[in-house]
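Novice: Just need the structure, nothing else, for what follows:
(one chain, ligands or ions: 2)
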Amino acid sequence: MLILWIVCHNFRKFAQNNRISKMSRVTIKDKTFETSISEAEILESVKRVADKLNHDMEGKNPLFIAVLNGSFMYAADLMKFIKIPCEISFVKLASYEGTTSSGKIKEVIGLNEDIHGRHVVILEDIVDTGTTMKRMLETLGTREPASLHISSLLVKPGKLQVPLNIEYAAMEIPNDFIVGYGLDYDQLGRNLRDIYTLVKE
Ligand code: 5GP
Ligand code: MG
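Specialist: Ligands and ions are numbered 1, 2, ... in the order given. All right, here's what the predicted structure looks like:
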């Protein structure tokens, strides 16, 4: 029985690694992307973040707020690893051209929960310049939560332009454009199980 388990386990690992070592490519519209982070690696990182949240948020009944559309896969997988009592809600960011010199303003829409006194964890797909998260922190901060935290699947530290404390980041990546696992290129590619990086021709 043990031998059978070992054989099956190793075969699964081999199959996973082999699939990735082949470096599959996908074409979306005019662009080519290449596998950069496998589903297995993603899930390992997501579980690590969940373990930390399970520890830090114990007894706090945290409210997770997932930012749609990009974070839907991250939110779903993360929640499966969260073992403490918690709640989840979903928001969207509607952007419109502001009248100020700062240009695009992003408004948080769809949040019906009263977050006053709650421990809130924002779930985001990727932090790039950090302006989106900074705006979310400002908006949610006015509603007086007990605490406000950021959990992002991905962070591009090389692109960050504003000081942000991203306490729960699953993975750090270089500055390249990526798709898959919820993230899109022109709304396509969100369904890909792995993460793909744009191939610069
Ligand atoms: P920020 O405000 O931090 O500059 O931008 C964050 C948003 O930009 C993310 O929520 C995401 O929608 C988008 N974004 C940033 N980098 C990437 C990327 O490499 N791929 C995709 N698909 N979206 C990105
Ligand atoms: Mg996003």
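
Novice: If we ignore the residues flanking it in sequence, what's nearest L192?
Specialist: Spatially, and ignoring its direct neighbours in sequence, L192 is nearest to G180 (3.5 Å; C-beta to C-beta, 6 or more residues apart in numbering). (C-beta placed from N, C-alpha, C; glycine too.)

Novice: tell me which parts of the protein are close to ligand 1?
Specialist: Residues of the chain found near ligand 1 (C-beta under 6 Å from any ligand atom) are 70, 124-132, 177-179, 183-184.

Novice: Which among those residues count as buried?
Specialist: 70, 124-128, 130-132, 178-179, 183-184 (16 or more other C-beta atoms under 10 Å).

Novice: what's the spacing between Y181 and D56?
Specialist: 24 Å (C-beta to C-beta, to the nearest Å).

Novice: in this protein, which helix or strand is least confident?
Specialist: helix 2-21 (a mean of 55; mean pLDDT, DSSP states H and E).

Novice: Next secondary structure after that helix?
Specialist: strand 25-28 (DSSP states H and E).

Novice: Settle it for me: which of Y181 and D56 has more neighbours?
Specialist: Shown here are Y181 and D56; by other C-beta atoms under 10 Å, Y181 has more neighbours (26 against 16).

Novice: got the buried residues for stretch 160-170?
Specialist: For stretch 160-170, by 16+ other C-beta under 10 Å, it's L160, L164, I166, Y168, A169, A170.

Novice: Return the distance of that stretch from the chain's centre.
Specialist: 12 Å (C-alpha atoms, centre = their mean, to the nearest Å).

Novice: Show me the contact partners of it.
Specialist: Contact with stretch 160-170 is made by 42, 45-46, 48-49, 52-53, 74, 121, 127-131, 133-134, 137, 149-155, as judged by C-beta atoms under 8 Å, 6 or more residues apart in numbering.

Novice: Among these, which lie within helices?
Specialist: Members of the contacts of stretch 160-170 lying in helices (criterion: DSSP state H): I42, S45, V46, R48, V49, K52, L53, Y74, T131, M133, K134, L137.

Novice: Counting by contacts, list what the lengthiest strand in the chain packs against.
Specialist: What stands out as the longest strand in the chain, according to DSSP state E, is strand 87-97. Judged by 3 or more C-beta pairs under 8 Å, 6 or more residues apart in numbering; DSSP states H and E, strand 87-97 is in contact with strand 63-68, helix 72-81, strand 104-109.

Novice: Can you get me a residue count around the nearest residue to L43 once chain neighbours are set aside?
Specialist: Of all residues not flanking L43 in the chain, D77 sits nearest, at 6.4 Å (C-beta to C-beta, 6+ apart). Applying other C-beta under 10 Å, we find 19 residues neighbouring D77.

Novice: ok now do the closest residue to ligand 2 within the chain, which residues does it touch?
Specialist: Nearest to ligand 2 in the chain, going by C-beta to the ion, is G70, at a distance of 3.8 Å. Residues in contact with G70 (C-beta under 8 Å, 6+ apart) are E124, D125, I126, G182, L183, D184, R190.
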